[in-house]
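J.: mind folding the following:
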Amino acid sequence: MPFIHGVRFASQNFSTIVSAVLLLLFISTYSSGQSSLTTTDKMTPSGIAPGAPAGSYPLSGMESINLYNGNLDFRLPLLSLDGRGSAVRDLVLSINTKKWRVRETHTETQDTYIPTTLNWGGVDVGLLAGKLQGRQSGWNSRTCTNPQQTRYHYTNTKLTFVTPDGTEYDLRDQQTDGQPMIANQCGGIQGAARGTIFKTSDGSGATFISDTAIFDKTTIPTGIVGSWNLFVSGYLLLRDGTRYRIDSGNVSWIRDRNGNLVYSQTDAINRQITITTLADGSDQITYKGYQGALRTITITHTPDSAVLPLRRS
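T.: Prediction:
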């Protein structure tokens, strides 16, 4: 029988107390009635990271293997918007094999587990130059009065920049290095302040400077999403001097360390590239080729398959 400061507990009673405490902690996380989450709602674990992060092994100019989790990242070049110097915007068709995960949905009466290929927040960079999106989440809940509300007790906000091949840069606020903070306010949805500067901590040396201060969110999401999505504007700086202008989460332009500039859908000689999603779900890229001839690339997505038929005209 265990002794704690001279107090004697029966082993069965001690186990019951521990189980009760763990149960209360579990219930406090889900007391909002209904919640749904996957392992990527708050961050992306290295074991299922897509793209070609640091340490991946390049097989060719089109594919690489992540030696840590076995992900195969295949990138098919479609079109390049060349700028001067190293300012280049490539349109690529990317396929990653690490895409399956399980979504857990909790209600007051049951828990369900559904396999899905949808990633956190529905982020799909596709043919864009990149996307920056925040994941706002929390832990434990508390009940507020006047009015009656349920709010997170601890909150957090992390930003992630996703490149066209799916590689993710996880950015944490400089003030706390991504630590959870207590949601002091009960009446509003705005939580703790994170400031304007977010940095990576994996040695990649990326920094994001937001146009405005970023705050946590205290309300608990419901439905099929386990975290709130945040789209911000500012500048993303990479270690090699490359600078991205981000507007509402999307890349507007890319500038290299020498000041050479390329826009997300315009090349160095001001030719416009148009990307359209057609009624059948296929993507169409329209641009001007030799002597101004109109060219198109059509990508047809096959449901539940990694095969993406490609057609040029």
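
J.: burial of the closest residue to Ser282 other than its chain neighbours, as a residue count?
T.: Leaving aside its chain neighbours, Ser282 sits nearest to Thr300 (4.4 Å; criterion: C-beta to C-beta, 6 or more residues apart in numbering). Heads up, the C-betas are built off the backbone N, CA and C, glycines and all. By other C-beta atoms under 10 Å, 15 other residues sit near Thr300.

J.: surely Thr300 touches Leu278?
T.: No - using C-beta atoms under 8 Å, Thr300 is not in contact with Leu278, being 9.2 Å away.

J.: may I have the helix or strand that contains Ile209 as PDB, with CA atoms only?
T.: Per DSSP states H and E: Ile209 is located in strand 207-217. Extracted in PDB, the C-alpha atoms of strand 207-217 (Å, rounded to 0.1, in the frame of the first residue of the first chain):
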ATOM      1  CA  THR A 207      10.900  34.700 -40.100                       C
ATOM      2  CA  PHE A 208       7.400  36.100 -40.600                       C
ATOM      3  CA  ILE A 209       6.700  39.800 -39.800                       C
ATOM      4  CA  SER A 210       3.000  40.500 -39.600                       C
ATOM      5  CA  ASP A 211       1.500  43.800 -40.600                       C
ATOM      6  CA  THR A 212      -0.600  43.700 -37.400                       C
ATOM      7  CA  ALA A 213      -0.400  42.100 -34.000                       C
ATOM      8  CA  ILE A 214      -1.700  38.600 -33.800                       C
ATOM      9  CA  PHE A 215      -3.900  37.400 -30.900                       C
ATOM     10  CA  ASP A 216      -5.000  33.900 -29.700                       C
ATOM     11  CA  LYS A 217      -8.700  33.000 -30.000                       C
END
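
J.: run me through the strand neighbours of it, direction for each.
T.: Using DSSP bridges, strand 207-217 pairs in its sheet with strand 190-200 (antiparallel), strand 234-237 (antiparallel).

J.: going on from the last one, what's the next piece of helix or strand?
T.: Right, strand 234-237. strand 243-247.

J.: give the other helices and strands that that next one contacts.
T.: Using 3 or more C-beta pairs under 8 Å, 6 or more residues apart in numbering; DSSP states H and E, the elements in contact with strand 243-247 are strand 234-237, strand 250-255.

J.: show me which residues of that strand are buried.
T.: Buried positions in strand 243-247, judged by neighbour count with 16 or more other C-beta atoms under 10 Å: Arg243, Tyr244, Arg245, Ile246.

J.: of all those residues, which comes closest to Thr145?
T.: In terms of C-beta to C-beta, no member of those lies closer to Thr145 than Ile246, at 39.2 Å.

J.: next, the closest residue to that closest one other than its chain neighbours: secondary structure please.
T.: Distance criterion C-beta to C-beta, 6+ apart; nearest residue to Ile246, sequence neighbours excluded, is Leu132 at 4.9 Å. Here Leu132 is strand, with the state taken from DSSP: H, G, I helix; E, B strand; the rest coil.

J.: ok, Leu132 touching Leu230?
T.: No - contact status for Leu132 versus Leu230: not in contact, 9.4 Å apart, counting by C-beta under 8 Å.

J.: what's the overlap in contacts for those two?
T.: Jointly contacting Leu132 and Leu230 under the rule C-beta atoms under 8 Å, 6 or more residues apart in numbering are Leu159.

J.: tell me which of the two has more neighbours.
T.: Taking other C-beta under 10 Å, Leu132 and Leu230 do not tie; Leu132 has more neighbours (27 against 19).
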